[in-house]
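Undergrad: Give me a model of this one.
(2 chains)
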Amino acid sequence: MALNPMHQFEVYKIGPEINISGINLSFTNASLFMTISAVLILSLMFFGTKKKSLIPSKIELITEMSYSFVAKMINDTAGSSARSFFPFIFTLFMFVLFCNMVGMLPYSFTVTSHIIVTFILAAVVFLGVTVIGFVKHGIKYLELFVPKGVPIILLPLIVIIEIISYLSRPVSLSVRLFANMMAGHTMLKVFGGFVISLGLLGGWLPLGFSVALTGLEILVAFLQAYVFAILTCIYLNDALNLHH
Amino acid sequence: MKSISFAICIATAMYTNQVFGSEKGMPQLNPEFWIAQIFWLFIIFSTLYLVISKIFLPKITHTIENRKSRVVNNLEEAQKLKENAEKKLNEYNEIIQKTKKEAKKIIEDSKKKLDRDIEGKKQKFNDEIEKELKIAETEIKNLKKSSISNINNIAAEISAEVIKQIISTEVNKSNVSAIINDITKKEMEKHT
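TA: Residues are numbered from 1 along each chain as shown, chains lettered A, B, ... in the order given. As a prediction, this is how the structure comes out:
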């Protein structure tokens, strides 16, 4: 049982079963770790904004650094017109980052290693961006699929490719995060299992690998949160500014 | 690298699923809790979004803006103070320059005055000396004149005495003095 590297992704319900009109809405371990991540983010925010001192303490510095990090990211990729979406992208970045990081703790559950979670996040981003694009530009938003300076003969092909790439955005966005998280955690589990099975003699090599992989996974956890947020910014930029 | 490791993972997952058999495929693809996960994700994420955007982000913005404005204000104040200090320094330099000039002028003036005074005093001394000299000269002349007549008298007396001793007769003094006067006149003429 414990040797199964996929076991860590198992979802099971915690507490009573909540059933509303036949739909299972039970509180699961995934929900628990989502809550833990959210509570961690909120406590970071709370302690980071408590004193409002002129010279920031460490925790204030972390809060303000994450703030200015996301602010700079939005400003660089989507321009100042995306300023009003800052709270959403900030929340998205922090949520994904903390879910990834909490998942790095032993015996914890990685919320973002579930395709359904990342897909819902990506779908919200995709739908939101599409709605924003149509609200802002009306039917002209479809010009996004017609790049400028393309020969007319190639145009039908290009338009089809553009539409497919646009529609595959939520899939690529969600699968990227989910696959990275799942692959990393499975690798960690597999090498952890090797440590046990090879024993005191041969277990040192996979143990070293495990340590190195943990470092790599922490990097990946940050990087994937960053990629998720920056791709959201880029999609938002397409919707807001429409220059291809 | 990532895709290779992902493939390995999928393979191990499939393999372990075959070996252990108890679990069906990837747990992620088991739709049993999908709705529940979506439900809790929506609740938690929207709560997080609302709390962050309504409470914490304005606070952070406020703090950062405050700090920025404070720093800018302090910089401005420092700039102002610096300018003031420079102004003051310039003023002091000007004052020093001015006083230096004044001091030079005073020194020059007093030098001139001293020179003039010295010159005046010198002139005065020279005049006095000349005056004294003149007085002395006239005195000397007078003395000379008086001495000549005295000498003449003495000479007359002496010569009268000498004549008396030689020829033991009284000689008329006035004759002797007349002769001596003649001689001295001749001598004086010779000298002058």
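
Undergrad: alpha carbons only for contacts and neighbour counts from here, please
TA: Will do.

Undergrad: Apart from its chain neighbours, what residue comes closest to whichever residue of chain A sits closest to chain B?
TA: Among all residues of chain A, residue A:25 sits closest to chain B, at 4.1 Å; criterion: Cα to the nearest Cα. Of all residues not flanking residue A:25 in the chain, residue B:36 sits nearest, at 4.1 Å (Cα to Cα, 6 or more residues apart in numbering or on different chains).

Undergrad: what's around that neighbour, how many residues?
TA: By other Cα atoms under 10 Å in any protein chain shown, 22 other residues sit near residue B:36.

Undergrad: Are we agreed that residue B:40 is in a helix?
TA: Yes - when DSSP: H, G, I helix; E, B strand; the rest coil is applied, residue B:40 is found to be in a helix.

Undergrad: Run through the residues that contact the nearest residue in space to it that is not next to it in sequence.
TA: Once flanking residues are discounted, residue B:40 sits nearest to residue A:31: 6.0 Å by Cα to Cα, 6+ apart. By Cα atoms under 8 Å, 6 or more residues apart in numbering or on different chains, the contact set of residue A:31 is A:111, B:37, B:40, B:41.

Undergrad: Max pairwise distance over those residues: which two?
TA: Spatial extent of the contacts of residue A:31 (Cα to Cα) is set by the pair A:111 and B:40 at 11.4 Å.

Undergrad: Looking at the two, which is more packed in?
TA: Counted by other Cα under 10 Å, residue A:111 and residue B:40 do not tie: residue A:111 has more neighbours, with 29 against 22.

Undergrad: Look at the closest residue to chain A within chain B and give its secondary structure.
TA: Proximity of chain B to chain A (Cα to the nearest Cα) peaks at residue B:36, 4.1 Å away. Three-state assignment for residue B:36 (three-state DSSP): helix.

Undergrad: Direction included, what does the worst-scoring helix or strand of chain A on mean pLDDT pair up with?
TA: Among the helices and strands of chain A, strand A:19-20 carries the lowest confidence by mean pLDDT, DSSP states H and E, at a mean of 79. According to DSSP bridges, strand A:19-20 forms sheet pairs with strand A:23-24 (antiparallel).

Undergrad: Give me the mean pLDDT for the partner strand.
TA: Averaged over strand A:23-24, pLDDT sits at 82.

Undergrad: Show me which positions of whichever helix or strand comes after that strand end up buried.
TA: Per DSSP states H and E, the first helix or strand lying C-terminal to strand A:23-24 is helix A:29-48. Within helix A:29-48, the residues that qualify as buried are A:29-35, A:37-38, A:40-42, A:44-46, A:48, counting by 16 or more other Cα atoms under 10 Å in any protein chain shown.

Undergrad: and what of stretch A:6-13?
TA: By neighbour count on 16+ other Cα under 10 Å, the buried set for stretch A:6-13 is A:6, A:7, A:8, A:9, A:11, A:13.

Undergrad: The residue nearest to residue A:25 contacts residue A:26, correct?
TA: Yes - Residue B:36 lies in contact with residue A:26 (Cα atoms under 8 Å); the separation is 5.9 Å.

Undergrad: any residues in contact with both of these two?
TA: Counting by Cα under 8 Å, 6+ apart, nothing touches both residue B:36 and residue A:26.

Undergrad: re earlier: OK, contacts around the residue of chain B closest to chain A?
TA: Per Cα under 8 Å, 6+ apart, neighbours of residue B:36: A:24, A:25, A:26, A:27, A:28.

Undergrad: which residues does the second one contact?
TA: If a contact means Cα under 8 Å, 6+ apart, then residue A:25 has A:17, A:18, A:19, B:33, B:35, B:36, B:37, B:39, B:40 as its contacts.
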